[in-house]
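*Asks:* Got a predicted structure here, sequence first:
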Amino acid sequence: MLLISCPNCGPRDETEFHYGGQAHIAYPENPNELRDREWAEYLFYRENTKGTFAERWVHSTGCRQWFNMLRDTVSYDIHSIYAMGQQRPDLQADKPGEFSQTGEFGQEPGLAPGAATTSTGAATTAPTSSEGV
Amino acid sequence: MAETATPAETVSRARRSPAQHLAEAFTSGSVPGTVTLTEIPYQAMVGIRVDRTSDAGARVASVVGGLPAACGEVTGNDSVNTLWLGPTEFLVVAPEEAHDSLGGSLGSDLTTALGNDAGQVVDLSANRTTFELSGSHARAVLEKTCSLDLHPRVFKPGTAVSTELAHIPVMLWKTSEDSYRIFPRASFADFLGRWLLDAMREYASPEVP
């Protein structure tokens, strides 16, 4: 079971989330001009990365907000959680394996249980949180 | 005769709460002083979607006594409370009498406050029912299924979160040191009520050291 740090609610069980597939797939600028093959590739063709993979998740039984996540598909380590619309963070800049949370989410995790602490396997750093707002 | 009944009386006569059929089981399954389970039926609930930093958000906040800013927060007073569901999504919980059909004005006040601005005010009174689980072992019952840290040093009174109990989505609101309000959807009330009764059963027996 993954323990996923929702940017709004703090760390929650994986069962509270739903997976949204690969992130950063832009809608075609002019869909009418696409050939069938290109449209099919936009709709159905996805990376099958072994290693760090950018994907979308939604906290469906919590705040119902979407966010992006960089996850290692081999070790399941969560490297980064960042807002929708943000560019994929460059892991080379950080130490690989280190957890980071970036982006404008509106507010910090609040009074939710465990919002001040988090762990996703071995390699994590707790996202900053206001303790007991 | 029907013509003498007020609208409120007509409504209350026709109503059946989602866990009404379990009322006797709740009474017999409760262990006074240890853990008790009751249904608080028919609470008026209104779902709000509004940007709390906007003008409309301020107007809505003034009706219900403030909108919570972050996950876990609950605002309001003794009777009308607002729970945080998401950054722009809130649930107002009020006594039954606050509902417009029973002479209250909660929904219409909120609709007026929102005006034509972006957002929504929806009557959700029939969406969820309310269970109250209280007693010294209430936390022990919840910990059988809830994956959140419910220890009092983390989960403090006056905190409400949406999470899962027995694999169903609920709002869990800690109203006092050993009292919790659980808001399951109406269709899950029967399942969750029976699940909690089963979880409470061991506390009726003497503790085995």
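*Replies:* Yep, it's here.
*Asks:* Could you find the closest non-adjacent residue to B:T75?
*Replies:* Leaving aside its sequence neighbours, B:T75 sits nearest to B:G66 (C-beta to C-beta, 6 or more residues apart in numbering or on different chains; 3.9 Å). Glycine gets a C-beta too; all of them are placed from N, C-alpha and C.
*Asks:* residues contacting the one you found?
*Replies:* B:T75, B:G76, B:T82 (C-beta atoms under 8 Å, 6 or more residues apart in numbering or on different chains).
*Asks:* likewise A:L2?
*Replies:* A:D13, A:E14, A:Y76, A:I78, A:T120.
*Asks:* phi, psi of it?
*Replies:* Dihedral pair for A:L2: phi -80, psi 150, per degrees, to the nearest 10.
*Asks:* could you pull out the strands for chain A?
*Replies:* In chain A, the strands defined using DSSP state E lie at A:3-6, A:10-13, A:18-22, A:52-58, A:66-72, A:78-82, A:100-102.
*Asks:* Low-confidence regions, chain B specifically.
*Replies:* Within chain B, the ranges that satisfy pLDDT under 70 run B:1-3.
*Asks:* what are the ranges of the strands in it?
*Replies:* Using DSSP E, strands in chain B cover B:36-40, B:44-49, B:74-76, B:81-86, B:89-94, B:120-123, B:130-134, B:159-165, B:168-176, B:179-184.
*Asks:* quick one: contacts of the third one?
*Replies:* With C-beta under 8 Å, 6+ apart as the test, strand B:74-76 has contacts from B:64-68, B:81-84, B:92, B:158-160, B:173.
*Asks:* domains of chain B?
*Replies:* Split into domains by automatic domain parsing, chain B comes to B:18-41+B:129-204, B:42-126.
*Asks:* if we can go back for a sec, what would the contacts of A:L2 look like in a markdown table with pLDDT?
*Replies:* Shown next, in a markdown table, are the contacts of A:L2 (pLDDT from 0 to 100):
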| residue | pLDDT |
| --- | --- |
| A:D13 | 93 |
| A:E14 | 94 |
| A:Y76 | 94 |
| A:I78 | 94 |
| A:T120 | 41 |
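*Asks:* Of these, which is the most crowded?
*Replies:* A:I78 (23 neighbours; other C-beta atoms under 10 Å in any protein chain shown).
*Asks:* Helices of chain B, residue ranges please.
*Replies:* Ranges of helices in chain B, per DSSP state H, are B:7-14, B:23-29, B:55-64, B:106-114, B:138-143, B:189-200.
*Asks:* Sorry, slip of the keys, the one I care about is chain A.
*Replies:* A:36-44.
*Asks:* Chain A is nearest to which of the helices of chain B?
*Replies:* Nearest to chain A, of all the helices of chain B, is helix B:138-143, at 11.4 Å by C-beta to the nearest C-beta.
*Asks:* Pick out the residue of chain B closest to chain A.
*Replies:* Closest point on chain B to chain A, by C-beta to the nearest C-beta, is B:A70, at 2.6 Å.
*Asks:* Wait, that residue touches B:W84, no?
*Replies:* Yes. Proximity of B:A70 to B:W84 meets the contact threshold set by C-beta atoms under 8 Å, at 6.6 Å.
*Asks:* List the contacts of B:P184.
*Replies:* By C-beta under 8 Å, 6+ apart, the contact set of B:P184 is B:R128, B:T129, B:F131, B:L165, B:I168, B:V170, B:L192.
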